[in-house]
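A.B. asks: Would you be able to build a 3D model of this:
(2 chains)
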2 protein chains.
Amino acid sequence: MKLATYKDGSRDGQLVVVSRDLATAHYATGIAATLQQALDDWNFMAPQLQDLYVTLNQGKARHAFAFDTAMCMAPLPRAYQWADGSAYINHVELVRAARNSEVPGTFYTDPLMYQGGSDDFLGPNQDVVVPSEAYGIDFEAEIAVVTADVAMGATPEQALEGIRLVMLANDVSLRNLIPAELAKGFGFFQSKPATAFSPVAVTPDELGDAWQQGRLHLTLQSTWNGQKVGMCDAGPEMTFHFGQLIAHICKTRNVRAGSIVGSGTVSNKGTEVDGRKAWPKGYSCIAEKRAIETILDGKPSTEFMKFGDTIRIEMHGRDGASIFGAIDQTIAPLT
Amino acid sequence: MKLATYKDGSRDGQLVVVSRDLATAHYATGIAATLQQALDDWNFMAPQLQDLYVTLNQGKARHAFAFDTAMCMAPLPRAYQWADGSAYINHVELVRAARNSEVPGTFYTDPLMYQGGSDDFLGPNQDVVVPSEAYGIDFEAEIAVVTADVAMGATPEQALEGIRLVMLANDVSLRNLIPAELAKGFGFFQSKPATAFSPVAVTPDELGDAWQQGRLHLTLQSTWNGQKVGMCDAGPEMTFHFGQLIAHICKTRNVRAGSIVGSGTVSNKGTEVDGRKAWPKGYSCIAEKRAIETILDGKPSTEFMKFGDTIRIEMHGRDGASIFGAIDQTIAPLT
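C.D. replies: Got it, this is the predicted structure:
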């Protein structure tokens, strides 16, 4: 099934069930007021939501209305955890190659993850507000999952069973703040402002064969200022699947229902075209484009985002239909 | 006023108002079910909670009962944000001196903060469950505040106005996981398991003159296996006050109601005793004790915590009464 959260003036919004084709929606009133409530008691709530979803898809839901992504908050407008991985090691390889730095061998066996802020997520059409263009504004197109309770010590296979929902994320990054921040040794903080999520979160069964063992084998599209810059395959090159990422968190703590876990920037290896290295699938963040330029030409030529720039992130199923709806945001100054 | 959260089998527990002397409590039924609910709508809820607090202190609350910290969850059993600072630079100086590393000059002007997991906090009497003693189990006695909404771009002075509650924290740390984790460059993750909080959270007015411009001028006691190891002054040596820590988060994002911000390990400078450097106020984490031993003797002699060890963290007012109740935990293996 497909779920979204409608604005209603409250902090957590109102849970709605969305039809498979994203055309209609129905309030989940009488089942759960918010998505977190449904996740807190999923085994009881999910079958009821599923029934409503079936009725809605049949066109028989009596109070259905046209689904409008402009009404959407993030599926979880705030969450108790947002832990983001860097699961596509090709992304790390590119960024490191551009600065002539090797990727440590352990990076292929031990996931990189950071803890993000989760108190103030952005809806899919909400502006990305940044105090200054000089911070080096970048998008990061990612896949994210929402978890059930997963106990400390869970294996990657057990953790896979704890994936409730899948969605898309724009993990906005402020590139020019990163070097000084990482040099302090405590990881990202000011360089990772509010993250945005797709209008709709879907259960893994909606993804059919494209969802395989914690990897989503479909193309993630990134469109920057109307130009398609990324058509990246999210599947085979995901070094660590979502079960491995969740199990990484579970090494020393419990993961509680409604935790969001991200894949990191979706990234594909380059290829050889006419004797020159090329990346025909494009990029899911500008930092990667600049790394490619540095590798090819010795220096980056693409600038980061400016106020007024737009970024659209979307994924289509094998039938060509949008699965999650689009993240479609404009960069705006703090006023 | 003083607030706590009683276990009731639910994820967020039940909000109770606690008397000033911590002797009695009263359910906040009819006002707010949970502390997060009260924080979400503080200006409306707080006066009602305050009225109940006054009645309770007068011994006139009709359904008051004896307050029992064993019934307490963390005041916020889960939160939308847990951002922990390292605001006592003396702690950083000691740890760095022990490994012959300088403290960068910027550390005195730009706070160190990390984002922690906030989906699964420990109550004040809940076991600290760790998979292995080999992880290097340590406590960290800290002060923490709970915030209101504070907007992106807020100044430290504006951020001070956004402090709703004060409490104590045990930011459990797994020291032997830290070096490899920080070497990966993304900051703490597995090395920071679930944090515990004091039974009671109090409004700043409860602290009287001891609360001055975002600093708490009282002694934080740490008792390890029944032995008082820390009597650290939390006030004057806090390099960055809580307004500065909150404003640090607000540089690039909004902080939303119910965010928890920590001070980092409370730490005091050493002094000269009989020609030898000494730290008569003790320590608020074992890592600091080991740093002191390394500085004095060339190597650490105190080991980290073992299964069965206990840690008690408490703070008394100038009248000698416990303000927040005690964090009192036992270290236990994962079973």
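
A.B. asks: What's opposite the spatially most central residue of chain A in the beta bridge?
C.D. replies: With distances taken as C-alpha atoms, centre = their mean, residue A:169 lies nearest the centre of chain A, 2.4 Å away. Going by DSSP bridges, residue A:169 is paired in beta bridges with residue A:142, residue A:197.

A.B. asks: didn't it look like it was pressed against residue A:146?
C.D. replies: No - judged on C-beta atoms under 8 Å, residue A:169 makes no contact with residue A:146 at a distance of 11.0 Å. Glycine gets a C-beta too; all of them are placed from N, C-alpha and C.

A.B. asks: Now list whatever residues contact both of those two.
C.D. replies: Residues touching both residue A:169 and residue A:146 (C-beta atoms under 8 Å, 6 or more residues apart in numbering or on different chains) are residue A:260.

A.B. asks: Next up, the contacts around the residue nearest to the centre of chain A.
C.D. replies: Here residue A:169 is in contact with A:140-144, A:195-198, A:260, A:262, A:327 (criterion: C-beta under 8 Å, 6+ apart).

A.B. asks: Please convert those residues to a markdown table, extending it with pLDDT.
C.D. replies: Conversion of these to a markdown table gives the following (pLDDT from 0 to 100):
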| residue | pLDDT |
| --- | --- |
| A:140 | 98 |
| A:141 | 98 |
| A:142 | 98 |
| A:143 | 98 |
| A:144 | 98 |
| A:195 | 98 |
| A:196 | 98 |
| A:197 | 99 |
| A:198 | 98 |
| A:260 | 98 |
| A:262 | 98 |
| A:327 | 98 |
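
A.B. asks: of all the residues you listed, which two lie farthest apart?
C.D. replies: The span of the contacts of residue A:169, defined through C-beta to C-beta, is set by A:141 and A:260 at 15.5 Å.

A.B. asks: What are the buried residues along the biggest helix by length in chain A?
C.D. replies: In terms of residue count, the longest helix belonging to chain A (DSSP state H) is helix A:42-57. Using 16 or more other C-beta atoms under 10 Å in any protein chain shown as the test for burial, helix A:42-57 gives A:42, A:45-46, A:49, A:52-53, A:55-57.

A.B. asks: Shouldn't residue A:246 be within a helix?
C.D. replies: Yes - assessed with DSSP: H, G, I helix; E, B strand; the rest coil, residue A:246 lies in a helix.

A.B. asks: For it, give me its contacts.
C.D. replies: Residue A:246 neighbours (C-beta under 8 Å, 6+ apart): A:145, A:147, A:150, A:154, A:156, A:159-160, A:162-163, A:255, A:261.

A.B. asks: contacts with chain B among those, please.
C.D. replies: residue A:255 (C-beta under 8 Å from any C-beta of the partner chain).

A.B. asks: Give me the subset of the contacts of residue A:246 that lies in helices.
C.D. replies: A:156, A:159-160.

A.B. asks: what would those residues look like in a markdown table with pLDDT?
C.D. replies: A markdown table is the format used below for the ones in helices among the contacts of residue A:246 (pLDDT from 0 to 100):
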| residue | pLDDT |
| --- | --- |
| A:156 | 98 |
| A:159 | 98 |
| A:160 | 98 |
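
A.B. asks: Show me the helices in chain A, by range?
C.D. replies: A:35-40, A:42-57, A:89-98, A:156-160, A:178-183, A:242-249, A:286-297.

A.B. asks: now what about the fifth one, what contacts it?
C.D. replies: Going back to what we said before, that points to helix A:178-183. A:136, A:187-191, B:106, B:185.

A.B. asks: Please identify the deepest-packed of the helices of chain A.
C.D. replies: helix A:242-249 (a mean of 25; mean count of other C-beta atoms under 10 Å in any protein chain shown).

A.B. asks: pLDDT weak spots in chain A?
C.D. replies: By pLDDT under 70, chain A contains no weakly predicted segment.

A.B. asks: Mind telling me which residue of it is nearest chain B?
C.D. replies: Chain B sits closest to residue A:187 of chain A, with a gap of 1.9 Å, by C-beta to the nearest C-beta.

A.B. asks: Compute the number of surrounding residues for that residue.
C.D. replies: Neighbourhood size, residue A:187 [other C-beta atoms under 10 Å in any protein chain shown]: 23.

A.B. asks: Repeat that for residue A:161.
C.D. replies: 12.

A.B. asks: check contacts around it.
C.D. replies: Residue A:161 touches residue A:148, counting by C-beta under 8 Å, 6+ apart.

A.B. asks: Report the separation between it and residue A:214.
C.D. replies: Distance, residue A:161 to residue A:214, using C-beta to C-beta, to the nearest Å: 10 Å.

A.B. asks: And for residue A:55?
C.D. replies: Distance from residue A:55 to residue A:214, by C-beta to C-beta: 30 Å.

A.B. asks: Just the closest of the ones in helices among the contacts of residue A:246 to residue A:93, please.
C.D. replies: For the ones in helices among the contacts of residue A:246, the nearest to residue A:93 is residue A:156 (22.5 Å; C-beta to C-beta).
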